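Engineer: With the sequence up front, the predicted model follows.
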Amino acid sequence: MIIYLKNIWETYATVFEGMAITFSYLLQRPITVQYPDRMKESVPETLPEKYRGRLMVDTELCTACGLCAKACPIDVIEMKGGRAEGKKGLRLIYFNIYHGKCMYCNLCVEACPAEDGEEDEHHTAIYFKKNFEGSSYTLNGLVEQFIPPDEARRRLKESEEIAAKRAAAAAETTKNSEAKQESDKPKDGGDV
Amino acid sequence: MNFALPLLEKLKQEMTSKTSEIIQADSKMPILKIEAKDIREAVKKLHDDPAFDMKYLNCISGLHLTQTKEDGTLDLLGFEVLYVFSSARDFSTIAVRVDLPEKNPAIDTIDDLYGSANWFEREVYDLLGVNFINSSDLRRIMLPQDWEGHPLRKDYKEQASYNGMPTTRPNEMESIRIE
Amino acid sequence: MITENDLQSRVEITPINGSEIEINMGPHHPSTHGVIRFILFLDGEIVVRAVADVGYLHRSIEKIAENLPYPMFMPYTDRVDYVAAINCNLGYALAVESLAGLEVPERATWLRMIGAELNRINSHLIAVGALAMDVGATTPFVHAIREREYILDLLEILTGTRMNNNYVRFGGVCQDVPEDFFKKTEKFLDHFVLFLGEFNRLLTTNKIFLERLINVGILTGDQALGFSFSGPNLRASGVGHDLRRIDPYCFYSDMEFSVPVGSGVKGTTGDSFDRFIVRIDEMLESVKILRQIMSKIKEGPIQSKIPRKIVLPAGESYHRSEAPRGELGFHIVSDGKSNMPYRIKIRTGSFAAMTSLSELFKGMMVADVVAYFASLDVVAPEVDR
Amino acid sequence: MINLIYMFVFSLVYLLLLALTAGILTYVERRIAGRMQSRIGPNRVGIQGILQFIADLIKGVQKEDIIPADAYAFLFKIAPYLVFMGVFLTLVPIPFGAYTLMEDLDVGIYYVLAMASYVVIGLMIGGWASNNKWSLLGGMRSAAQKISYEIPAALGVFIVVIMSGSMNFQKIVAAQGASPVDWFVFRNPFTFIAFNLFFIASLAEGNRVPFDIPEAESELVSGYNTEYSGMRFLFFFLAEWGNLVVIGALVTCMFFGGGSFWYEWKISIPAPGRDPIVFEVLGFLWFLFKTFFFVFVIIWIRWTLPRLRIDQLMDICWKYMVPIGLISSLGIVIWMYFIPENSTIDRIVRLTLTSLGAITVLYFKYRVYKNLKITKATIYANPFV
């Protein structure tokens, strides 16, 4: 009998307490914010410094070494570097990122050796932008080409030409050196 | 890691067949390697003998033993099933390993001793194709019942389509290739 | 075209008795926490027998591991248990580090522990919230999710991402934290203790909630051991098994914390309410640990020098750590030559917890099935991997 | 004939008003739920989202009306209308004012209890005709629950009928007074129990938390309305929120004095100079205020409590409510025999109960304040964000 009454009392008391708590929330401000149109400040500004948003590449800084593409576990990055006129190292021919596959693991950023030493938005060539809005109506729209296709084709052609030229030059030099060697040989032999 | 070498030696001595050996004795995880026919005896001893009191089955794992030959082809050497048990008293852990042949790998089940053994065994059966004799319920667990092959075998080839559904997806990157 | 027969071929179908109805709970069901399917045979509201069917989220992570170098597998461990990603990272990193003999700087270990403990609170909040949701209390669930949101904000500062953190690296962590992170964490912990008190007054003491959980799904200590339970589920059954104590890793041996053990506060030891209350207590213990870490952490390097190509010595090893859902074991086999693992088997707490379902569901009501399953805190991708 | 036309017009007005009220209530409930869960709730359509229900309506009408292939089409189609009819018909004898009612039935309460049972038929038919096992379970649960809870509800009503000596709502309201001391709820301990019985039983009959097991979304997906879509689905919802108004109105009539500040005045001051229409409108508003207060309480309970299991539901009915109801019905008879109305003891008891009620409200305020203080929350009392 005591248990019987105790059950009733406990039910009422705990329900009362619970209702007091839920009521107290009616007197508090909701913590949710209305994204995106009624925000006081834009969301990327509120994000921490190293937030991993959208994967981007600084095509100027990139040395086309290909370490990021190698570090990626799921082949998100497809890139190629080639020679260019009047530039010492490699230049990007194309650099494509498939955002639909990217899992924001940061491995490519850590692999990137190209640093500009400045403490601005990014200091490596491949970096995460704070922007996280990347929806697209088609799956194909998630593929981002950082070098436009026309430009990429032009660069590819150019690098192929240079490569061909260099190959020719190399062939020339080897031929020359061989010829030189040929011509030198009797001389040397003569000397000996 | 508290993998207990003394317990393993004790188990080795108490086994009736003397073919068992302790491998990796100097590493962090010593393993007792026993023959497939002895598994029930060993596990029964571990489970029931108060000296061991191994009431807790941590894991049953399996793997396909292979060796890559010089020409790149695989030499299939059979299967390994690894049992890890813990004591209910002080949680010291031991590992028991069984090697099975490549053709028709089969081993006695232990799912009457451990409530969880059935699912672990089913997983090994599903992914590696090791048969557990006298198991109460040996069905595939992760893959559909009509799936072909056992994926964790090193010579596994994925079927091209399953019930008319292709198992691969086109790569969106293909469409923008300029080469 | 998939016919009904194809779907049913996943499980063995036994003929139905006259009074039974067969009912499919899942794969798409609000309370299966992911994609898990139970086939319940009901007599009225009572379950006569049940078959659990998993595998709908099987992503063959273990097969993927065999084809990737060790560091590149790290992001995949996030996806084993996405609710407690750093714990999975940590388990994998510890396993590989102990085999390869890599050093970890002190600050990196502290940061790892901060990540792991924040993640543990996060995961337990989901667990208790989802349990509340499954017994019908919507508001406590949202409150728990709200608190989790603060933790995610902290993790965002710590790691750069909210859920699949990929924070731990071999020999360290991927980035250092700004100094104000500790202040923010301190502030959050103060708030969180208050919140937990309120949560208890709103939900834990509620008579209806208690009635729904007390004496539901009782597992004795022996049974729980037999089903390979681990973590909070095992502790709720009265077994003081905590790998942070038994098999200490990181600096857990220096930490002062107690291991909450279920004692049948309201009903029988090992019932669903014990599993619930053990998680609540564990959150408070995590708060204690976090406070200790915060007082001890010092400046220092966060990454030690590691070889470019990690090759483990030949042999096999089973390494385990305490994730929020129990023992997380990595069975790593290396052939000693390649920079990829020969085989990785991941043993998860959820998978072990699932083994008990078919047996425990017998004789329960449909509502109890939901409550018991939620009290186990199973995350479907961790079961299937 | 003129009477018929009058009734027809009146019921049409009622129908529209009920639909409008139910629609607004869905909005109100969502806003309240949102606030309780630290969310905002719908606030995009119209000023502060007030037109949300119209948007929902338009969407519902646009949706395809799907009838499952193996469903029993005819019954499947009419089930929502049966449910709605059951709710709508209960409105007939409820006195929103002295003249604002459809028909002043002498057996008003009896009629309401009878009509409320109509709902069961609709729900069961809907659940059965869907040819879905979850729906069937939901339908069966709802039938079991409603039929059981008719008894405590009827016992609660019985006590009121004994007190007022009539089944006519007008007379019941007239038997009470304008001041809280005269309300039945504080009249004597047994009527207070009767109020509890009736209120809890109405929650169960209206499928509201903690008794919402027929549609328990975490167990039965959505119960009897799983297979419904489009307008038919909305009809179920219309009925559910319409039911809230009915419950609120019944409780107001029977225990909280109805719209009776004009009754008092009419009786004590015949007031030839006063305009009866003003008092009619004032009484109506007062009635509505009380009604919506109870609607708010019901909504508030829903977002606080977990859900019961079906056997506990039956326990509460048969082990607690029915015995208590029977004892109280005996008690009220004895009470009325020994303690005549307006005797000293009667007055003392009334005053004590009323002050107890006041103390409860004050203590509640204190608890709310205390909770805000404990959690260090900042107060923001503006209902809009």
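Structural biologist: Perfect, thanks for sending it.

Engineer: Near chain C, which residues of chain D? Just list them.
Structural biologist: Applying CB under 8 Å from any CB of the partner chain, we find that chain D lies next to chain C at D:33, D:36-39, D:133-134, D:137, D:209-210, D:212-213, D:216-221, D:303-312, D:371, D:374-376. Bear in mind the C-beta positions are built from the backbone N, C-alpha and C, glycine included.

Engineer: Where in the chain is the helix or strand with the lowest mean pLDDT?
Structural biologist: Defaulting to chain A. Least confident helix or strand of chain A, by mean pLDDT, DSSP states H and E, is helix A:149-191 with a mean of 74.

Engineer: Wait, chain C was what I had in mind.
Structural biologist: helix C:4-8 (a mean of 47).

Engineer: All the strands of the stretch 1-150 of chain C, in order from the start?
Structural biologist: Listed in chain order, the strands of the stretch 1-150 of chain C (DSSP state E, counting those that start in this stretch) span residues C:21-25, C:37-43, C:46-53.

Engineer: which stretch among these comes nearest C:Cys250?
Structural biologist: Minimum separation from C:Cys250 across the strands of the stretch 1-150 of chain C (CB to CB) falls at strand C:46-53, 34.3 Å.

Engineer: check whether the closest one contacts chain D.
Structural biologist: No: on the criterion CB under 8 Å from any CB, strand C:46-53 is out of touch with chain D, staying 9.9 Å away.

Engineer: Then stretch C:358-373?
Structural biologist: Yes: on the criterion CB under 8 Å from any CB, stretch C:358-373 is in touch with chain D at C:Met365, C:Val366, C:Ala367, C:Asp368, C:Val370.

Engineer: follow-up on the earlier one: can you flag which of the residues of chain D next to chain C belong to helices?
Structural biologist: Cross-referencing the residues of chain D next to chain C against helices under DSSP state H gives D:33, D:36, D:133-134, D:137, D:217-220, D:310-312, D:371, D:374.

Engineer: Longest strand in chain A, please.
Structural biologist: Secondary structure of chain A per DSSP state E: the longest strand is strand A:91-98.

Engineer: Show me what that strand is packed against.
Structural biologist: strand A:54-57, strand A:77-82, strand A:143-145, helix A:149-191 (3 or more CB pairs under 8 Å, 6 or more residues apart in numbering or on different chains; DSSP states H and E).

Engineer: pretty sure D:Pro80 is touching D:Ala239, no?
Structural biologist: Yes: contact between D:Pro80 and D:Ala239 holds when scored by CB atoms under 8 Å: they sit 7.4 Å apart.

Engineer: Need the overlap of contacts for those two.
Structural biologist: D:Gly122 (CB atoms under 8 Å, 6 or more residues apart in numbering or on different chains).

Engineer: Look up how far C:Ser356 lies from the closest residue to B:Ala117 other than its chain neighbours.
Structural biologist: Nearest non-adjacent residue to B:Ala117, counting by CB to CB, 6 or more residues apart in numbering or on different chains: B:Asp111, 4.1 Å away. B:Asp111 sits 13 Å away from C:Ser356, going by CB to CB, to the nearest Å.

Engineer: circling back: quick one: which two of the ones in helices among the residues of chain D next to chain C are the most distant?
Structural biologist: Most distant of these, by CB to CB, are D:Lys133 and D:Ile374, 46.1 Å apart.

Engineer: of those two, who's got more company?
Structural biologist: D:Lys133 (17 against 14; other CB atoms under 10 Å in any protein chain shown).

Engineer: Just the pLDDT at that one, thanks.
Structural biologist: pLDDT recorded at D:Lys133 is 84.

Engineer: Contacts only, for the residue lying closest to it once chain neighbours are set aside.
Structural biologist: The shortest distance from D:Lys133 to any non-neighbouring residue, by CB to CB, 6+ apart, is to C:Ile23 (4.8 Å). Contact analysis of C:Ile23 by CB under 8 Å, 6+ apart lists C:Ile39, C:Leu40, C:Phe41, C:Leu42, D:Lys133, D:Trp134, D:Leu137.

Engineer: Out of those residues, flag the one nearest to chain B.
Structural biologist: Nearest to chain B among those: C:Ile39, at 12.9 Å, using CB to the nearest CB.
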